[in-house]
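In: Following is a predicted model, sequence given first.
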Amino acid sequence: MYEILYYETEAGNSPVKEFEQELIRKHKDAASVALKKYKEELEKHGQNITKKFKRESIKLLQDGIWELRPANIRVLFFFIIEDNKVVFLHAIEKKVDRVPQREIDTAMRRRKEWLQGGAR
């Protein structure tokens, strides 16, 4: 079993939780339901989530930053650390085929903050 944790700023804001709330607020029910289902499977299977979903449902982007692709309309960045933990770092609405480098850079910056203890 994997535990999902959320990156939080020093002020206590969680960009991914805020993104999830925004999906609900905008009545994007299909995306919200898909995201919830993927999260449940990620908790069960970790990187082996492809046993439950299509191989394209999870992808290594760069330097330990992974992409979770529920409904193929949202992207959730995360990485796995010791003790079967997954940390959700960043979420975007995907509008182009490739994830823009600036979005990957945001996730990498947040991971660095997390590892240095500056964010939780």
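Out: Perfect, I can see it now.

In: hey, let's count contacts and neighbours off CA atoms from now on
Out: Fine.

In: Could you pull up phi and psi at Tyr2?
Out: phi -110, psi 140 (degrees, to the nearest 10).

In: Sorry, wrong one. I was asking about Gln62.
Out: phi -170, psi 130.

In: With the one 4 residues further on instead?
Out: Reported as degrees, to the nearest 10, the phi and psi values for Trp66 are phi -110, psi 160.

In: State the number of residues packed around it.
Out: Here the number of neighbours of Trp66 (other C-alpha atoms under 10 Å) works out to 22.

In: ok, now how distant is it from Lys26?
Out: 26 Å (C-alpha to C-alpha, to the nearest Å).

In: One more: Ser32?
Out: Taking C-alpha to C-alpha, one finds Ser32 at 10 Å from Lys26.

In: buried residues in stretch 77-96?
Out: Buried residues in stretch 77-96, counted by 16 or more other C-alpha atoms under 10 Å: 77-80, 85-91.

In: Pull the most distant pair out of the residues you listed.
Out: Lys85 and Ala91 (17.7 Å; C-alpha to C-alpha).

In: mind checking the backbone torsions on Asn84?
Out: phi 50, psi 50.
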